[in-house]
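> I would like to see how this sequence folds:
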Amino acid sequence: MPLADTELFTPRLYDVRAIEVLKGPQGALFGKNASGGVIGIRTQDFGSYVDVTAGNGGLGEIQAAHSLALGTDWNLRAAGLWSSADGWIKNTTLNRLVDAVETRSGRLRLTGPALGWNFDFKLQYLEDEGGAAWASSNNVTGKNAGRLSGKVLINPIGDYPGQSKRRWGQGVAKASRPLAGGALSGYVARDSYAKRWDEELDYRPGPLTFFGFPAFPNGIQSIRQPIDLRATTAEVRWVSGDNQALTQQWGVFLQDTDKDRTDDFGPLLFGGPAPRYLTRSHQTSVFGGLGYQVTPEFKLEAQGRLDRDERSQTILSQVGGPVISRREGTFERFQPRVTAQYLNNDTNLFLTYGEAYRPGGFNPTPAASSIWKATYRPEITTSLELGWKQRLPIASGRLELNVFSNKVEDYQNYTFIDNQSVTLNVDEVTVKGLEASIFLRPIDGLDLSASYALADTNIERFIATDPLLGSPATRDYSGKAIPNAPKDTGKVSAIYRFDLAEFDLMGRIDANYAGKTFYEIDNVLYSPARWWTDLTISAERGDWTATLQAQNLTDERWAISAFGQGMTGLLAGLGPGGPFDTFTINRGRKVTFSLRREF
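Residues are numbered from 1 along each chain as shown. Prediction:
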């Protein structure tokens with residue numbers, strides 16, 4: 001079931017059975033916003049356990065789950081999580097940790113058959129609270145030519161700690177049954193989400209100036225953006241059986257979303273009211289797919305999906321205030337996907353063509369000189385991928401190699417400009433690359449693996465209004481890389497398992513790599529290529545498992561996001577001592593010890 005909004009992507013996961021990754025455009029079966037692929041998360045069905053974890057940063061955590069048989073056919077499962085940490089990032093001005101977080105979550109799931117159907121009911125609730133944005137501020141552009149490393153990569157120095165709270169409740173009812181040689185399934189879900197946070201926007205101490213004028217004697221604080229979201233999602237799908245030459249699946253999908261957001265930017269409103277945005281989305285989709293086994297080893301597949309997203313946005317001058325603007329738009333797209341596959345016991349070859357789209361939407365009201373438009377257009381991705389998976393004759397080995405070429409029209413670049421979170425349409429972007437991985441088991445108990453991915457991104461064409469000088473001045477971003485996409489990534493892993501007396505022992509080491517990463521479309525601020533190492537040691541005896549884990553073992557530091565003075569007028573004029581860039585650093589080394597008991 002797709003999540004109703006990007007706000008729901010980040011809650012803490014627990015009681016997970018499997019995570020499935022489908023690469024490449026998946027819009028033909030999963031709809032909008034599946035341009036880069038789909039991540040499927042499945043929770044546990046059975047089993048009981050308690051898992052207690054402690055770690056640096058004041059981390060304490062308890063996970064637990066229990067399955068209870070209700071008669072011979074029905075099963076009730078309860079799972080829960082409590083996690084609390086003091087934090088890992090210190091604000092040097094406030095002399096305190098600012099990224100504390102506490103999470104509380106619970107899930108109930110009831111499954112069983114009745115009246116010829118298999119039912120699956122789920123209720124889950126999550127709430128967390130802690131620090132808000134803990135960004136840092138420094139003149140990285142001037143001091144280090146935009147390179148986010150070394151001495152410029154300082155801890156936060158702002159004088160306002162900020163705080164955040166959010167809650168998410170969800171109810172899901174699923175049903176399935178055999179029908180016409182296949183399986184008919186459907187679900188309906190309801191989501192309720194609320195987020196509250198307040199923080200500063202300057203991330204600096206003391207009174208602030210703007211191009212020398214004492215515009216913000218108390219800093220740019222506090223900034224608030226409350227968000228409330230309600231969504232109803234439903235789907236019906238029929239899938240034929242696998243034991244036939246011609247396979248099929250057909251379905252319909254519906255989703256209604258209401259989002260309420262207020263942009264209370266405090267001092268930046270200069271006494272004016274905080275605008276309120278009421279955004280509604282009504283999505284309808286029909287989809288289907290055919291697969292034909294031409295020979296025992298050769299298969300053809302074709303899928304398609306028609307998505308229609310009717311959106312509207314009402315802008316109020318303030319909460320409860322008069323309407324100052326109303327926008328409407330309908331975004332519709334058919335997304336095809338075709339695959340030819342050759343598969344035998346040792347070899348899997350496939351060629352796939354796919355299309356995917358992200359619907360358009362609405363930005364905050366732009367000024368005459370703004371770089372963004374009131375309505376941003378849909379993003380259309382077309383992709384061609386060639387893949388090869390091979391079982392090797394030695395060391396139980398496996399080899400995988402994929403090459404791909406993507407073209408993205410009206411690429412949606414989500415960024416922060418002129419004190420607003422906006423989406424820009426970049427005319428055309430190309431992404432060409434490859435993915436390679438190998439797995440070997442040279443001796444019993446020892447698993448070796450390595451993977452590498454290259455993504456060469458290029459803005460083919462984009463000329464826009466200069467964000468600092470305004471119209472008629474322009475900038476040409478053609479030839480730049482897209483932001484927040486590492487040039488390449490890699491990983492080398494070794495896992496060794498062996499028995500010692502009554503214990504099953506396991507040691508694992510992962511060397512991780514991420515290439516050069518730009519953070520804005522002007523390609524000024526960037527993180528250089530970096531390596532970091534993770535280490536895991538575990539001991540299992542009967543129902544007990546103890547695990548010691550160190551993430552980022554050598555405590556490497558890097559930026560995970562950044563906004564620069566070259567794209568944001570506020571940062572270009574901020575003083576004293578400016579201009580400045582804003583960035584967020586990673587949390588450094590994380591060491592945990594957990595003890596798990598299964599029942």
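
> got the end-to-end distance for stretch 337-356?
9 Å (Cα to Cα, to the nearest Å).

> Residue ranges in the chain under the pLDDT threshold?
Applying pLDDT under 70 to the chain flags the ranges 1-2, 4, 24-25, 27-29, 32-36, 319.

> Sketch out the helices for it, chain order is fine.
27-30, 140-144, 569-573 (DSSP state H).

> Would you mark the buried spots in the second one?
Just to be clear, that refers to helix 140-144. If you call a residue buried by 16 or more other Cβ atoms under 10 Å, then helix 140-144 has these buried ones: Val140, Thr141, Asn144. Backbone N, C-alpha and C define where each C-beta goes, glycine included.

> Pick the one among these closest to Phe350.
Val140 (43.6 Å; Cβ to Cβ).

> So what's the residue count around the residue nearest to the closest one when sequence neighbours are not counted?
Distances taken as Cβ to Cβ, 6 or more residues apart in numbering place Asp581 nearest to Val140, at 4.4 Å, with adjacent residues excluded. Asp581 has 32 neighbours, counted by other Cβ atoms under 10 Å.

> Tell me the spacing between Asp581 and Asp522.
12 Å (Cβ to Cβ, to the nearest Å).

> tell me, what's touching these two both at once?
Gly564 (Cβ atoms under 8 Å, 6 or more residues apart in numbering).

> that older thread, same list (the helices of the chain) but as a markdown table, adding distance to Asn243.
Below are those laid out as a markdown table (distance: least, Cβ to Cβ, whole Å):
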| stretch | distance to Asn243 |
| --- | --- |
| helix 27-30 | 21 |
| helix 140-144 | 60 |
| helix 569-573 | 62 |
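
> and Glu355, which of those helices is closest to it?
Counting by Cβ to Cβ, Glu355 lies closest to helix 27-30 out of the helices of the chain; the figure is 6.5 Å.

> sorry, back to before: go through the helices of the chain and name the closest to Leu201.
helix 569-573 (7.6 Å).

> Run through who's touching that closest one.
Residues contacting helix 569-573 (Cβ under 8 Å, 6+ apart): 201, 210-211, 220, 268, 418-419, 467-468, 563-566, 578-582.

> Recalculate using a threshold of 10 Å.
Applying Cβ atoms under 10 Å, 6 or more residues apart in numbering, the external contacts of helix 569-573 come out as 137, 139, 141, 201-203, 208-213, 215-216, 220, 268, 369, 416-419, 467-470, 563-566, 578-582.

> A PyMOL selection for those residues, restricted to the buried ones, would help me check which they are.
In PyMOL, this line selects whichever of the contacts of helix 569-573 come out buried by 16+ other Cβ under 10 Å:
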select buried, resi 137+141+201+202+203+208+209+210+215+216+220+268+369+416+417+418+419+467+468+563+564+565+566+578+579+580+581+582
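
> how close does the residue nearest to Val140 sit to Phe216?
For Asp581, the distance to Phe216 - Cβ to Cβ - is 18 Å.

> contacting residues around the residue nearest to Asp159 when sequence neighbours are not counted?
Once flanking residues are discounted, Asp159 sits nearest to Pro205: 4.3 Å by Cβ to Cβ, 6+ apart. Pro205 makes contact with Asn91, Thr92, Thr93, Leu94, Ser137, Ile157, Gly158, Asp159, Tyr160, Gly219 under the criterion Cβ under 10 Å, 6+ apart.

> in the sheet, who's paired with the residue nearest to Val140?
With DSSP bridges applied, Asp581 shows beta-bridge pairing to Asn138.

> Gly37 too?
Lys23.

> what about it, distance to Thr247?
From Gly37 to Thr247 the distance is 22 Å (Cβ to Cβ).

> One more: Asn425?
Counting by Cβ to Cβ, the gap from Asn425 to Thr247 is 38 Å.

> Then Pro113?
For Pro113 relative to Thr247 (Cβ to Cβ), the value is 25 Å.

> Check Arg276 too.
Counting by Cβ to Cβ - Arg276 and Thr247 are separated by 49 Å.

> what do you get for Ile41?
Taking Cβ to Cβ, one finds Ile41 at 25 Å from Thr247.

> Of those two, which one has the most company?
The neighbour comparison of Ile41 against Thr247 (other Cβ under 10 Å) goes to Thr247, with 18 against 11.

> Run a quick neighbour tally on the nearest residue to the more buried one once chain neighbours are set aside.
Once flanking residues are discounted, Thr247 sits nearest to Gly291: 4.1 Å by Cβ to Cβ, 6+ apart. As a burial measure, Gly291 scores 19 neighbours (other Cβ under 10 Å).

> Pretty sure Gly291 sits against Arg337.
No. Judged on Cβ atoms under 10 Å, Gly291 makes no contact with Arg337 at a distance of 11.6 Å.

> tell me, what's touching the two both at once?
In contact with both Gly291 and Arg337: Glu301, Ala302, Gln303, using Cβ under 10 Å, 6+ apart.
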